[in-house]
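Peer 1: structure here, sequence nowhere to be found:
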């Protein structure tokens, strides 16, 4: 499944070159991923990373996890910027072609452009259609950057996986009311294991998505068409290996 957009071509003076268009956005998901996703855990992780070299675009990815705890690649997109327009393009086609059922949890960083889309009245990525959860490592890193205190970072990471979440958050007051307010203002259901009703399947970070980003690191300097081919061949190898295991097992 491939979806793409182009835009008008302009010269260096900003004048439109009639009859020519240039690449803008691309979304793709392979049939094995589309057919296999309904059998995965009802959770996806999304993340974005820069391309290198000539094409200064953003690679967006969505991954899931199957019942054997294997990473399950879901979909990819290449957009010009990690802004509202780029995320809207990705999420629209992800919903239309792959994540069609309601109730899926989506784990992401707190990207402002992404959050603004999800909070729209007509969004299909908020309850009851979907449930947003935050990568807690990202929250902890934000806290360390803001307050310059690594102990605060550690306490936030400890709090999210403990049943006494509220009590641990209140203890942050000893670092100052502003530290408590930072943590308390984040909706609990979006980052605490005690309040997520099991929708995250224990996944507190976007590690799965970041693992795929790492695998593709060596391809991100290539032309865009070649990046698509690389995802095809790499996934083809994965599906072939899984098929052999099932056949032999």
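Peer 2: Great, that's in hand. Since we're looking at a predicted model, the values are computed, not measured. Numbers count the residues shown, from 1 in each chain.

Peer 1: from now on I want contacts and neighbour counts done on CA atoms only, so please keep to that.
Peer 2: Fine.

Peer 1: beta partners of the residue nearest in space to the middle of the chain?
Peer 2: Nearest to the geometric centre of the chain sits residue 46, at 1.1 Å (CA atoms, centre = their mean). Beta-bridge pairing of residue 46 under DSSP bridges involves residue 62.

Peer 1: verify the stated contact: it with residue 62.
Peer 2: Yes. Under the criterion of CA atoms under 8 Å, residue 46 makes contact with residue 62 at 4.5 Å.

Peer 1: shared neighbours of the two, anything?
Peer 2: Common contact partners of residue 46 and residue 62 (CA atoms under 8 Å, 6 or more residues apart in numbering): residue 209.

Peer 1: if we can go back for a sec, enumerate every residue touching the residue nearest to the centre of the chain.
Peer 2: When contacts are counted by CA under 8 Å, 6+ apart, residue 46 is found next to 60, 61, 62, 63, 106, 107, 108, 206, 209.

Peer 1: quick check: longest strand of this structure.
Peer 2: As assigned by DSSP state E, the longest strand anywhere in the chain is strand 16-28.

Peer 1: quick one: low-confidence parts of this protein?
Peer 2: Within the chain, the stretches with pLDDT under 70 are 13, 238-239, 241-249.

Peer 1: the strands in the protein, which residues?
Peer 2: Assigned by DSSP E, the chain shows strands spanning 2-10, 16-28, 43-50, 58-65, 71-79, 104-108, 130-134.

Peer 1: just so I know, which of these lies nearest residue 233?
Peer 2: strand 71-79 (12.8 Å; CA to CA).

Peer 1: what strands line up against that closest one, and which way round?
Peer 2: strand 16-28 (antiparallel), strand 58-65 (antiparallel).

Peer 1: need those strands in CSV with distance to residue 36, can you?
Peer 2: Shown next, in CSV, are the strands paired with strand 71-79 (distance: least, CA to CA, whole Å):
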stretch, distance to residue 36
strand 16-28, 15
strand 58-65, 10
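
Peer 1: deepest-packed of these, please.
Peer 2: The highest average neighbour count among the strands paired with strand 71-79, using mean count of other CA atoms under 10 Å, belongs to strand 58-65 at a mean of 23.

Peer 1: relative to strand 43-50, how tilted is it?
Peer 2: Calculated by axes from the mean of the first three to the mean of the last three CA atoms, to 10 degrees, strand 58-65 forms an angle of 160 degrees with strand 43-50.

Peer 1: separation between residue 25 and residue 3?
Peer 2: Look at residue 25 and residue 3: by CA to CA, to the nearest Å, they are 8 Å apart.

Peer 1: just to revisit the earlier point, closest to residue 78 out of the contacts of residue 46?
Peer 2: Once CA to CA is applied, the member of these that ends up nearest residue 78 is residue 60, at 6.1 Å.

Peer 1: now the closest one: how far from residue 95?
Peer 2: Residue 60 is 14 Å from residue 95, by CA to CA.

Peer 1: residue 148 too?
Peer 2: In terms of CA to CA, residue 148 sits 39 Å off from residue 95.

Peer 1: and for stretch 60-70, what's in contact with it?
Peer 2: 37, 39-41, 43-49, 71-79, 90, 208-209.

Peer 1: can you flag the buried ones in those?
Peer 2: 37, 40-41, 43-49, 71-79, 90, 208-209 (16 or more other CA atoms under 10 Å).

Peer 1: quick one: closest of the strands paired with strand 71-79 to residue 113.
Peer 2: Residue 113 lies closest to strand 58-65 among these, at 13.3 Å (CA to CA).

Peer 1: could you check how far the closest one is from the centre of its chain?
Peer 2: The chain centroid and the centroid of strand 58-65 are separated by 6 Å under CA atoms, centre = their mean, to the nearest Å.

Peer 1: tell me the angle it makes with strand 104-108.
Peer 2: 130 degrees.

Peer 1: start at 25, not 1
Peer 2: Understood, numbering begins at 25; the last thing we discussed is strand 82-89.
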